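J.: Sequence first, then the predicted structure, then my questions.
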Amino acid sequence: MESSGGSETSLSRRGCDNAPTRKDRRVGLIYDERMCGHYATEDGDHPECPDRIRAIWKSLESCGFAKRCVVLDAKNAEDNHIALVHSRNHINLIKNTISKSTQSGRRRIASSYNSIYFSKGSSEAAYLAAGSVIEVAEKVAEGQLDSSFAIVRPPGHHAEVDEPMGFCLYNNVAIAASFLLNERKDLGINKILIVDWDVHHGNGTQKMFYSDPRVLFFSVHRHDFGTFYPTGDNGSYIMIGEGPGVGYNINVPWENGRCGDVDYLAVWDHILIPIAKEFNPDIILISAGFDAAIRDPLGGCRVTPYGYSIMLEKLMPFARGKIVMALEGGYNLDSIANSVQACVGVLLGDSPIAGSPQSYPFESTWRVIHQVRQELRAHWPIIASKLPNKVFSKPSPQMDASERGFVGPHSAAAESVARTRIRPGPPPLAPVLLAPSEATAVLHQIPSSDSDGEPENGTATILDVVQTLEDIIKPFSSLKVDEDSQELQKVYIWYAAFGSNMSMARFLCYIEGGQTEGMKRPCVGSMDRSKPVEIMWKTYPHRLFFGRDYTSTWGPGGVAFLHPESNSNEKAYLCLYKITLEQFNDVLLQENGSSHHSSHPTFDMTALDRIKSETSISVETPKRGWYHNVVYLGLEKDIPVLTMTCSLSDIESFKSGTLPIKPPCKEYGNTLIKGLAEGKHLSEEEASAYIEEAYTKPL
Ligand code: Q9C
Ligand code: ZN
């Protein structure tokens, strides 16, 4: 069985569905192992570890993206460029003091700073990180590259003019921005947008450009009322810049963790994107930390690779696509690898990744968006329109009594209110065509503050209503609530393979990414890259057969299918992998031709419950491939056994000849035989006889 990407309607179509139809955009990449020479000598478990960039690089290589990019050599930054934003004293610390000290001297010096360690190679790594971001920024500004991603460490955005801080030594992004503005005036970069989506506030970058209107600094971060790192008021929404820079510093401070795709996308739609349109930057630099990613150990947020890809995609129309991304934080190796992969795919021009956000923005998200817009409305008229009162500030009627009450910092009520997600009403009507009464009816479907039966203290105007529809509901009209998506990570199933996935090496491509012999293109892998926890073989009374003309993974030839119905005269050999339901979904997507992760499960907990009685369930996948039918094969050690194959109606088409029966191509057939022989139930000869029978015997 294998990734087909074929659609039901394009039977005669030859060629690879997923091959880029247009030429890749020129995307620069920088990675250098010497940046791993900076590490915490006394703390082997320090989150800001060398494996972060190794994991990212490995995943870009194994998914085939590295080959599609322009890989550049890392460069050392020059002191006079670093001096554009840092003091000579700071440069001396990183350049000389650190390198010349003993390790115990370095430890002593580091301890006088906030969240800083030094090793022998720290100085070299810091120079390479800063120099590499300059290098890619220059090439993008010149037009030699369309965009780029600098996979660098140590990170930079906490580093201040005169001190290292928060795992950061030199402020890589600030140095590159200053370099373009001051050292390469000839390139015509006069306005730079810096988007800092690291989960922490970019305090260093903010300070360096606080009175500079040439740099619009935008940071969205956990603030938790000043209690989240780097703590204090600098990350507050009232910090909007000073002097000529007033209005050119924008902070979006989350009140709480657990923010995910929809919260970020709401901020994009209602703050960042409208202002970016108005600002019209000449280039965008992204302080791309991935510690707001789902499963990050420090961030406590839930942005998925899908979320990052949309956040990036929404920035692509600006500055003619000149986007320079530089790694900042991000401490779960799988999460950062998957997130960077999703972003590089967008930079290359691949179609946006599959998935849909899982829920609605928090009530606190609307509150923060409102506060930021209020604070900046004088400077950015485009965001001056009002968000209706109804969607923020007050508890919703769905909350139980314990959740109602004073909404303010540090109260237990604030915590629980912040947890409540706002669910917009159904929006299929075009707002401008609505009669006022209808519009109000729609508005009233938004949970609001009237649970106590008290009169509203601000009645929504018609304008508010129209604004609600246009500004809030529309972007989220296609979302639906899926509270139990996290459970998928913990629930195990047996995935029963009857095709090429019987070969362990081939199957692992779906989990870890990459490609094995004979495969025409690499796989993205699963969100969770852990190997199957158990493997076993079983036979089932089902018919194996081969059909279809061509697959993008293997080329011309049929692929394996299992007849969804059992038949006691038949015997098929299946390899059972014990994996999580989340991994099963990622396999399902890839089997059906999707080259990306989804945050939205196709086969969820409800489907798992249902399939035990219904035996097979047809699933919706973004591309509707050939393996859209999940079949239940019973329990094994109390765990459900699932496989994926064609539907019963496809079987009819194979029988009638509407769909072709075809033998497998050589390499695909060999992979099957190899897999079966690995299982040790069949010799190679027996395995090839079994395969031959499957493609010769009539269905
Ligand atoms: N109680 C970046 O993500 N945490 N830096 C220290 C002290 C420091 C994060 C906690 C977090 C720094 C680039
Ligand atoms: Zn961070």
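T.: Cool, got the structure. Residues are numbered from 1 along each chain as shown. Ligands and ions are numbered 1, 2, ... in the order given.
J.: Pretty sure residue 178 sits against residue 83.
T.: No: under the criterion of Cβ atoms under 8 Å, residue 178 makes no contact with residue 83, lying 9.4 Å away. Every residue, glycine included, has its C-beta placed from N, CA and C.
J.: part of a strand, is residue 325?
T.: Yes: according to DSSP: H, G, I helix; E, B strand; the rest coil, residue 325 belongs to a strand.
J.: ok, how many other residues are close to it?
T.: 28 (other Cβ atoms under 10 Å).
J.: And for residue 285?
T.: By other Cβ under 10 Å, neighbour count at residue 285 equals 30.
J.: Which element, helix or strand, includes it?
T.: Residue 285 is part of strand 283-288 when elements are defined by DSSP states H and E.
J.: go on, residue 593?
T.: Here residue 593 is assigned to no helix or strand, by DSSP H and E.
J.: My read is that it contacts residue 559, right?
T.: No: Residue 593 lies out of contact with residue 559 (Cβ under 8 Å); the separation is 11.8 Å.
J.: So for the two, which residue has more residues nearby?
T.: Set residue 593 next to residue 559 and count neighbours by other Cβ under 10 Å: residue 559 wins out with 29 against 25.
J.: okay, now whichever residue of the chain sits closest to ligand 2: neighbour count?
T.: Here the chain gets closest to ligand 2 at one residue, residue 329, 2.8 Å apart by Cβ to the ion. Here the number of neighbours of residue 329 (other Cβ under 10 Å) works out to 28.
J.: Please apply the same query to residue 650.
T.: 20.
J.: Same check on the one 10 residues further on?
T.: For residue 660, the tally of surrounding residues (other Cβ under 10 Å) stands at 15.
J.: returning to that earlier point: could you give the mean pLDDT of the helix or strand just after the strand holding residue 285?
T.: The helix or strand immediately downstream of strand 283-288 is helix 305-313, counting by DSSP H and E. Averaged over helix 305-313, pLDDT sits at 93.
J.: So that it lines up with my notes, have the first residue be 20 from now on.
T.: I'll keep to 20 as the first residue from here, and by that count the last item is helix 324-332.
J.: gap between helix 324-332 and the chain center?
T.: Between the centre of helix 324-332 and the centre of its chain there are 6 Å (Cα atoms, centre = their mean, to the nearest Å).
J.: Tell me which residues of it come out buried.
T.: 324-332 (16 or more other Cβ atoms under 10 Å).
J.: Which single one of those residues is nearest to ligand 1?
T.: residue 327 (15.6 Å; Cβ to the nearest ligand atom).
J.: Send over stretch 341-355 as CSV, restricted to the C-alpha atoms.
T.: As requested, the backbone C-alpha atoms of stretch 341-355 are provided in CSV (Å, rounded to 0.1, in the frame of the first residue of the first chain):
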residue,chain,number,x,y,z
LYS,A,341,11.0,39.1,0.7
ILE,A,342,10.9,37.2,3.9
VAL,A,343,13.9,36.3,6.1
MET,A,344,13.3,33.9,8.9
ALA,A,345,15.7,33.4,11.8
LEU,A,346,15.4,30.8,14.5
GLU,A,347,14.9,32.1,18.0
GLY,A,348,13.5,29.7,20.7
GLY,A,349,11.6,26.4,20.5
TYR,A,350,12.6,23.5,22.7
ASN,A,351,10.7,20.3,21.6
LEU,A,352,12.8,18.8,18.9
ASP,A,353,9.9,17.2,17.1
SER,A,354,7.7,20.3,17.3
ILE,A,355,10.4,22.6,16.0
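J.: Can you tell me which residues in the stretch 70-219 of the chain are near ligand 2?
T.: 217, 219 (Cβ under 5 Å from the ion).
J.: same for whichever strand or helix holds residue 627, what does it pack against?
T.: Element membership for residue 627, per DSSP H and E: helix 624-633. Contacts defined by 3 or more Cβ pairs under 8 Å, 6 or more residues apart in numbering; DSSP states H and E place helix 624-633 against strand 635-637, strand 648-655, strand 658-664.
J.: Give me the contacts around the longest one.
T.: Residues lying outside strand 648-655 but in contact with it, judged by Cβ atoms under 8 Å, 6 or more residues apart in numbering, are 513, 515, 555, 557, 559, 581, 583, 593, 595, 607, 622, 626, 630-631, 633-638, 659-667, 669.
J.: what does the shortest one give?
T.: Contact partners of strand 635-637, identified using Cβ under 8 Å, 6+ apart, comprise 583, 622, 626, 629-630, 647-651, 666-667.
J.: Low-confidence stretches in the stretch 570-718 of the chain?
T.: Judged against pLDDT under 70, the low-scoring parts of the stretch 570-718 of the chain cover residues 613-620, 641-643.
J.: actually the chain, not the one I wrote
T.: Looking at the chain by pLDDT under 70, you get 20-41, 371-378, 406-505, 613-620, 641-643.
J.: what's the residue closest to the geometric middle of it?
T.: residue 324 (1.0 Å; Cα atoms, centre = their mean).
J.: What is the burial count for the closest residue to it other than its chain neighbours?
T.: Excluding the flanking residues, the one nearest residue 324 by Cβ to Cβ, 6 or more residues apart in numbering is residue 361, at 3.7 Å. Close neighbours of residue 361, defined as other Cβ under 10 Å, add up to 27.
J.: Does residue 361 touch residue 327 like I think?
T.: Yes: under the criterion of Cβ under 8 Å, residue 361 makes contact with residue 327 at 5.4 Å.
J.: tell me the contacts of residue 700?
T.: 556, 558, 592.
J.: How about the secondary structure of it?
T.: Applying three-state DSSP: residue 700 is coil.
J.: What strand or helix carries residue 129?
T.: Going by DSSP H and E, residue 129 is part of helix 122-130.
J.: Kindly report the same for residue 526.
T.: Using DSSP H and E, residue 526 falls in helix 523-531.
J.: list the buried ones in that helix?
T.: 523, 525-531.
J.: which one of those sits closest to ligand 1?
T.: residue 531 (26.0 Å).
J.: hang on, the closest one packs against residue 543?
T.: No: using Cβ under 8 Å, residue 531 is not in contact with residue 543; the gap is 10.0 Å.
J.: where do the helices sit along the stretch 70-219 of the chain?
T.: 70-81, 84-87, 98-101, 107-111, 117-119, 122-130, 141-161, 191-197 (DSSP state H, counting those that start in this stretch).
J.: Could you list every helix and strand that the second one packs against?
T.: The elements that helix 84-87 packs onto, with contact taken as 3+ Cβ pairs under 8 Å, 6+ apart, are helix 70-81, helix 352-367.
J.: Likewise for the third one?
T.: Applying 3+ Cβ pairs under 8 Å, 6+ apart, we find helix 98-101 packed against helix 141-161, helix 191-197.
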